[in-house]
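>>> can you look at this prediction? I've put the sequence above it.
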Amino acid sequence: MEYLLSEDLFNDLFIGKDFVFLMKKVGDDFQYIRLNQAARALLSHEAIGKLLSTLTSSRNFFIIQENYNQAITKHSQVDYVDYAYYKAEVRKYETSVRPFKHNKEDYILAITKEILYDRSIEDKFLFLRSMFDHAFFSTVILSAEGSIYEVNSSFTEDFELDTETVKQQSFVDLPIVPEDEVENIQSYLQRAAMGENIGEKLIKLHTLDKKERTYLVSLSPVMQGDNSFAIFLLMQDCTQFTEQKAELRSKSHGFEVFKAALNSAAYIAVLDSDSKILEINDLFLNATGFTAEDLIDQPYKLIEPRNNTADLIQLIDKTLKAGNIWRGELCYRTKFHADFWVEASIVPLKNEIGETEQYLSINYDITDKKRMLTELKNIERTFRLITENTNDLIVITNEDGIIIYASPSYEIFLGYENVELQGQFYSDIVDEQSKKAWQTFLNNYSGQTETQFELLLRAKDGTPVWTEGNVTVVHDPEREKVSQIMMVSREITHRKERENDLLYLAYHDTLTQLPNRRFLHKEFPKLLAEAKERNECLAMLYIDGDDFKNVNDRHGHDTGDDFIRKFGQVLITAVRNHDLVIRMGGDEFIVVLTGLTQYDKKRHTQIMDIINRIRNELKKGWTIESHHFAPTASIGIAYYPDHGQTLNELLELADQALYKAKEIGKNNLYITDTH
């Protein structure tokens, strides 16, 4: 702009107390280009080059933006008046907005002067009107008959209605009023017209797209003498509160259902902080033979010291006093002195300040299980000399893979008792991922004596367990087709998990857990092959957060890290399931959009839908340690096959497009030119 209007010439032209701003339109915002001395004293010289939205409140930005855009649209001067409340004084300002173009770009010359005046009725009215227009709640002024005089901007924004269209309409005839609410609202209006204040009434309204919303309304009559000549309607959107209330009601019902189910399935007792019984359910009483009168307000004397050592009792007490849940087996004593074994969970119940007030004891009868285990132990002594010194998984099958013998370690690692495995196919506990390898071995073991391979087994509860086994085939010398297969395996789940963790770390960003550049290079050939096969297009979006450095500088790197994580989550939320989000480093991300049509217009619509979702999610923003962030992002775009055929070509072109988007200004995008 130096050659158009230098800073010195600008200051010479606009001397005095009036504030003069030369602004350039940048997207939906305006950039400070020149300030005269008065404006510079107000904003400081550092304002030059910055955006209007960053140096003014959201309310002032909305007013200024609206009038600037109006002047540009009309190609003529626009004058408007605004008010500021400063040191208990209402100050009136008048601004003249003059639009012009330079190098095909829109500029604004705005001259703002303070109007010195007596506080006339007209200006007071205008001030009150300004407050009405910018009220946070939706506000409507109605006639005594229910026709609309005025609505504020919050009302028109909430319901996407035009101010001039709704004026003089009956409120109940608006498309936002559902039929089943008309009679209710008319009743409130009639009562208000008679001079009654109607406060805090819930009504249901609809948006134009028929989404139901709940409002808390108050109606106040505006009186002239004894008669009401207008009704002041104030509407507070409480849809979210109503939905939360319904959700709480649903959860409360679910809790009651859960409580009833738990009472029918487990033995429940509630104890006070001194371990005295406050409540005990019928299932528990029936199992022990006691009555409620025998146990309520008594110590938890069901625990039988004979089978529960003093060390165990001390451990339970220590765990609960630390505020932790204790889980384990306990032996209770029934009223008739019989042993009664349970799998118990004792849960501390804490108040709102974290103090334990009660304990919840949940018990499942395992008496039969304990009896069976005792019997099994007697049988297991026969085999202990073979297996007691090893944790290996030992199994013997016939030539068809049917289990003849399984060592006790199968119960330890997989939860299967011996009786559950004998006579079953070993493949029944092999995971689908390894079944092919096991079946291939069974089909080709003839002539082999020793083999080693890894198998993924599936525990009884569904837990995956990796094993590494050595297989020995014992052939019957007298019967050619009869053999026995013995496999000695060891559990290697943790080793496999570590391998998988290392693999994950190699292909994912440690800060955001998003895929990294290495993952992109590995997966992109697959995406490219699919696009070629389906005759589809891919889009490479190079996304860079605007002003991320300011976040680090102002709030520190910890907040900056949280900011990057939130930014990545926004991208994941906004794109589709089959799209790919990559963190390249810093605040740079790559989004690969798949399944796009090769027709330009339709493809552009597909991409803009996704970009608009990204922008809308960023606009909602997020809060980190009481700081709210609603960032913008610059985006460079390149297409396959229009712009490039390889990953490196598309990355380079998208990066160049990003650079051009940043040259335009923040929150812009640029699509690679087709050569």
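Sure thing, it's come through.

>>> these two touch, right, G195 and V222?
No: counting by C-beta atoms under 8 Å, G195 stays clear of V222, with 10.1 Å between them. All C-beta spots, glycine's among them, are computed from the backbone N, C-alpha and C.

>>> after the lowest-mean-pLDDT helix or strand in the chain, which helix or strand is next?
None of the helices or strands of the chain scores lower by mean pLDDT, DSSP states H and E than helix 121-133, at a mean of 59. Next helix or strand after helix 121-133 toward the C-terminus (DSSP states H and E): strand 138-143.

>>> distance from that following strand to the middle of the chain?
Centroid separation for strand 138-143 versus its chain: 37 Å, with C-alpha atoms, centre = their mean, to the nearest Å.

>>> for it, buried residues please.
For strand 138-143, the neighbour count (16 or more other C-beta atoms under 10 Å) marks S138, T139, V140, L142, S143 as buried.

>>> now swap in stretch 5-18 and tell me
For stretch 5-18, a neighbour-count test (16+ other C-beta under 10 Å) marks L5, E7, F10, N11, F14, D18 as buried.

>>> now these in TSV, with distance to P631, secondary structure and pLDDT?
Converted to TSV, those look like this (distance: C-beta to C-beta, whole Å; DSSP: H, G, I helix; E, B strand; the rest coil; pLDDT from 0 to 100):
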residue	distance to P631	secondary structure	pLDDT
L5	33	coil	74
E7	31	helix	82
F10	32	helix	86
N11	35	helix	85
F14	35	coil	88
D18	35	coil	90
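
>>> in a markdown table: those residues, plus distance to A344.
Converted to a markdown table, the buried residues of stretch 5-18 look like this (distance: C-beta to C-beta, whole Å):
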| residue | distance to A344 |
| --- | --- |
| L5 | 84 |
| E7 | 81 |
| F10 | 83 |
| N11 | 84 |
| F14 | 84 |
| D18 | 82 |
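
>>> now, which of these sits nearest A287?
Relative to A287, the closest of those is D18; by C-beta to C-beta it sits at 89.7 Å.

>>> list the contacts for the closest residue to that closest one other than its chain neighbours?
Leaving aside its chain neighbours, D18 sits nearest to K113 (4.5 Å; criterion: C-beta to C-beta, 6 or more residues apart in numbering). Shown in contact with K113 (C-beta atoms under 8 Å, 6 or more residues apart in numbering): K17, D18, F19, Y93, E94, T95.

>>> kindly report the same for D82.
N60, I63, K92, Y93, T95, S130.

>>> in stretch 196-209, what's buried?
Those would be I198, I203, L205, H206, for stretch 196-209 by 16+ other C-beta under 10 Å.

>>> quick check: the two most widely separated of the buried residues of strand 138-143?
S138 and S143 (18.0 Å).

>>> K566 looks like it's in a helix, true?
Yes: under DSSP: H, G, I helix; E, B strand; the rest coil, K566 falls within a helix.

>>> what's the spacing between it and G560?
11 Å (C-beta to C-beta, to the nearest Å).

>>> what's the answer for D180, then?
51 Å.

>>> between those two, which is the more surrounded one?
More crowded of D180 and G560, by other C-beta atoms under 10 Å: G560, with 21 against 8.

>>> show residues contacting the helix or strand harbouring L528.
In the assignment (DSSP H and E), L528 maps to helix 517-534. With C-beta under 8 Å, 6+ apart as the test, helix 517-534 has contacts from 506-508, 515, 536-538, 580, 582, 584-585, 590, 592, 594-595, 640, 647.

>>> could you give the mean pLDDT of it?
For helix 517-534, mean pLDDT rounds to 91.

>>> with stretch 631-651 instead?
pLDDT averaged over stretch 631-651 gives 92.

>>> now do the end-to-end distance for it.
In stretch 631-651, first residue to last residue: 24 Å (C-alpha to C-alpha, to the nearest Å).

>>> ok so, going back, nearest to D311, of the buried residues of stretch 196-209?
I203 (65.3 Å).

>>> can you count the residues close to the nearest residue to L651 once chain neighbours are set aside?
Nearest residue to L651 in three dimensions, chain neighbours excluded: M540, at 6.7 Å (C-beta to C-beta, 6+ apart). Residues near M540, counting by other C-beta under 10 Å, number 27.

>>> and M540, what element?
For M540, the enclosing helix or strand under DSSP H and E is strand 537-545.

>>> and the angle from that strand to helix 517-534?
Going by axes from the mean of the first three to the mean of the last three C-alpha atoms, to 10 degrees, strand 537-545 is angled at 150 degrees with respect to helix 517-534.

>>> right, I'll call it a day here.
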